[in-house]
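1. Sharing a sequence plus its predicted fold:
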Amino acid sequence: MVRDEREEEREFLSELKARTGKDLAEWMAAITAERHADKNETIDWLRAQGFPFARASWLERIHSNGGRPIYLHDEPVPKAAPAPLARPATTPAAARPAEKPRPKPAPALTAGEAELLEKLVAAAKGYRPLYHMLEAEVRKAVPDAVIAPRPGYVSIGAPREFGAVTLHASEIRLGLDLGERPFDALVQRAKLKGPGPAIAHMVVLTDARQVNDELMRLIAAANARVNG
């Protein structure tokens, strides 16, 4: 899977200037200049510039990655890539905002696991970028998350399983262990094949806007319930 997406990213970036009039560094600078409040605003703005959702999502992920390509790790950082704002040297340490924990590198998959994950993610078809966005945000919210393929679904644990993802051509289903939380318009009764009965709640995802703070709070609550 990584090899295929590496080549897809290489092709996307090599054609970016010819197709849009701006290279990667210029798009990174343009995104930074817009000062969007969150990733969804960035994606919406890029779509308004003519990018389809998948490409807009990809550029947003690169921007959030400090301007570095996601899979072409050996590529240099564009000069116009956003850099962290320097804090005044006189700012007392106690007054500085706490830094968010950085996600740990994903554990290396075996060849068999990589093949299984590719089959699972491929089933999402056009929602594949949405899955990758979801996975990235889960790793930010739960830095020690272990995301691994299982027969029929993708397991999310830290280390005990608190979530599960099934991928479909029409939607992505995120299952969570939320105990006795009542079902509502957002959180439905789980309809997932694979995970155990503890994953009783489900959020159906079809849009990047749904990968928001509210969803991250649900994910954190499920992890706290199982692993806290």
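-> Nice, thanks for sending it over.
2. Return the helix or strand in this structure with minimum mean pLDDT.
-> Least confident helix or strand, the chain: helix 2-20 with a mean of 81, by mean pLDDT, DSSP states H and E.
3. Can you tell me what sits against the helix or strand harbouring R225?
-> In this assignment (DSSP states H and E), R225 forms part of helix 213-227. Here helix 213-227 makes contact (C-beta atoms under 8 Å, 6 or more residues apart in numbering) with 137-138, 141-142, 145, 156-163, 174, 176-179, 181, 186-187, 198, 201, 203. Using the backbone N, CA and C atoms, a C-beta is placed for each residue, glycine as well.
4. In strands, which of these appear?
-> Using DSSP state E, I156, G157, E161, F162, G163, L174, L176, H201, V203 are the members of the contacts of helix 213-227 that sit in strands.
5. Throw those into TSV and include neighbour count, distance to E11 and pLDDT, thanks.
-> Shown next, in TSV, are these (neighbours: other C-beta atoms under 10 Å; distance: C-beta to C-beta, whole Å; pLDDT from 0 to 100):
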residue	neighbour count	distance to E11	pLDDT
I156	28	31	96
G157	18	34	95
E161	21	36	96
F162	27	37	97
G163	28	33	96
L174	29	30	97
L176	27	36	97
H201	24	39	97
V203	21	33	97
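6. Relative to T42, how far out is R209?
-> Using C-beta to C-beta, to the nearest Å, R209 is found at 12 Å from T42.
7. Show me which of these two is the more surrounded one.
-> T42 (23 against 14; other C-beta atoms under 10 Å).
8. Surely the more buried one touches E60?
-> Yes - T42 lies in contact with E60 (C-beta atoms under 8 Å); the separation is 4.6 Å.
9. what touches both of these two?
-> I31.
10. centroid residue for the protein?
-> Residue closest to the average C-alpha location in the chain (C-alpha atoms, centre = their mean): M133, at 2.3 Å.
11. And the pLDDT for that one?
-> In this prediction, M133 carries a pLDDT score of 88.
12. any idea how far it lies from A224?
-> From M133 to A224 the distance is 23 Å (C-beta to C-beta).
13. and what of R189?
-> Distance check for R189 against A224: by C-beta to C-beta, it reads 21 Å.
14. Of those two, give the one with the bigger neighbour count.
-> Taking neighbours as other C-beta under 10 Å, R189 and A224 compare with A224 leading, 12 against 8.
15. mind giving me the domain split of this protein?
-> Taking automatic domain parsing as the domain assignment, the ranges for the chain are 1-97, 111-227.
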